[in-house]
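Asker: take a look and give me a structure for this.
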Amino acid sequence: MQQDAVRPDPAAAGGRGGRRDRTYGWADPTSTAAAARELAGAAFFEALVRGALPAPPIASTLDFDLVSVEPGRVVFAITPAEFHYNPIGSVHGGVAATLCDSACGCAVHSMLPAGAWYVSQDLSVKFLRGITASTGRLECEGTVLHLGGRTALAQARLTGQDGRLYAYATSSCLIFRPEPAGQQAR
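Answerer: Residues are numbered from 1 along each chain as shown. Below is the predicted model of the structure:
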C-alpha cells in the first residue's frame, strides 16, 4: 500500500518547499515468476488481474495496474503523480517507456504456451505530449502485431481519458519456447 505525505522541511530543495515522502510495499516476486513458467500466458495474466497472484514489484514502484487481458492484448493504467517527475517538473519519459515496454511484452506473453518466455529485444518510444500530475489517468494498451516461432512484434499506445495519444511504442521480443518432449539436448 502506498502512502504519500507532505511535511515541511525548510532544508529540502535549498529551502524552497516541503519534502514529500512515499512508502510502498511489494510481495515476494518468486511465486509470480514461478507461475509465469507454469501457466499459459493468458491464464497467468488473468490470475494477476483477479489478484490470485501478486503484482510484480515494478508495478508497486511506479504505482500502475494491469486492468485487463485477452490473448494478444493487455491494458495497464496509471495516474501520474509528483513522484514520477523529472527535474523539469513533468513525468519522466522512463515512466511512459516502462509502461509501453510492459504492455508490449505482456501482450506477447499473453499468447505464449506454458513454459515459454520472452525478452524484449528493442523498444522504440515516441513521446507525443507532456505528462504531469494534472493529466489524469492514462491507459497503456499493448497489442501483438506478429507472433512468430522465435520473435514477436508488438505495439503500445499510452492514451488519456479523452482519447489523446501521449506516447506510442513498438517492441520486438525474442521468444524462448520449451523443447518438445524427446527433442531435448543430449
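
Asker: so where do the strands sit in the chain?
Answerer: 3-7, 19-23, 64-70, 73-78, 117-127, 138-147, 151-160, 165-176 (DSSP state E).

Asker: with mean neighbour count and distance to Ala52 added, can I get the ones you listed in CSV?
Answerer: Where you see a C-beta, it was placed from the backbone N, CA and C, and this is true even at glycine. What follows is the strands of the chain, written out as CSV (neighbours: other CB atoms under 10 Å; distance: least, CB to CB, whole Å):
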stretch, mean neighbour count, distance to Ala52
strand 3-7, 10, 25
strand 19-23, 12, 26
strand 64-70, 17, 12
strand 73-78, 22, 16
strand 117-127, 15, 20
strand 138-147, 19, 21
strand 151-160, 21, 25
strand 165-176, 19, 25
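
Asker: mind putting those into CSV with distance to Gly105?
Answerer: Formatted as CSV, the strands of the chain follow (distance: least, CB to CB, whole Å):
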stretch, distance to Gly105
strand 3-7, 28
strand 19-23, 26
strand 64-70, 12
strand 73-78, 9
strand 117-127, 6
strand 138-147, 8
strand 151-160, 7
strand 165-176, 6
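
Asker: could you redo those strands as a markdown table and give each row distance to Phe44 and mean pLDDT?
Answerer: Shown next, in a markdown table, are the strands of the chain (distance: least, CB to CB, whole Å; pLDDT from 0 to 100):
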| stretch | distance to Phe44 | mean pLDDT |
| --- | --- | --- |
| strand 3-7 | 30 | 53 |
| strand 19-23 | 29 | 93 |
| strand 64-70 | 9 | 97 |
| strand 73-78 | 11 | 98 |
| strand 117-127 | 11 | 97 |
| strand 138-147 | 15 | 98 |
| strand 151-160 | 16 | 98 |
| strand 165-176 | 15 | 98 |
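
Asker: on the strand side of things, show who Val91 bridges to.
Answerer: Tyr85 (DSSP bridges).

Asker: and it, how many neighbours does it have?
Answerer: 23 (other CB atoms under 10 Å).

Asker: hmm, it is touching Thr132, no?
Answerer: Yes - with contact defined as CB atoms under 8 Å, Val91 reaches Thr132; the gap is 6.4 Å.

Asker: now for the two: what residues contact both?
Answerer: 80, 85 (CB atoms under 8 Å, 6 or more residues apart in numbering).

Asker: between the strands of the chain, which one is closest to Ala42.
Answerer: strand 64-70 (6.7 Å; CB to CB).

Asker: so how far is Arg19 from Gly130?
Answerer: 25 Å (CB to CB, to the nearest Å).

Asker: excluding its backbone neighbours, what's nearest Phe76?
Answerer: Cys140 (4.6 Å; CB to CB, 6 or more residues apart in numbering).

Asker: before I go, just wanted to say thanks for your time.
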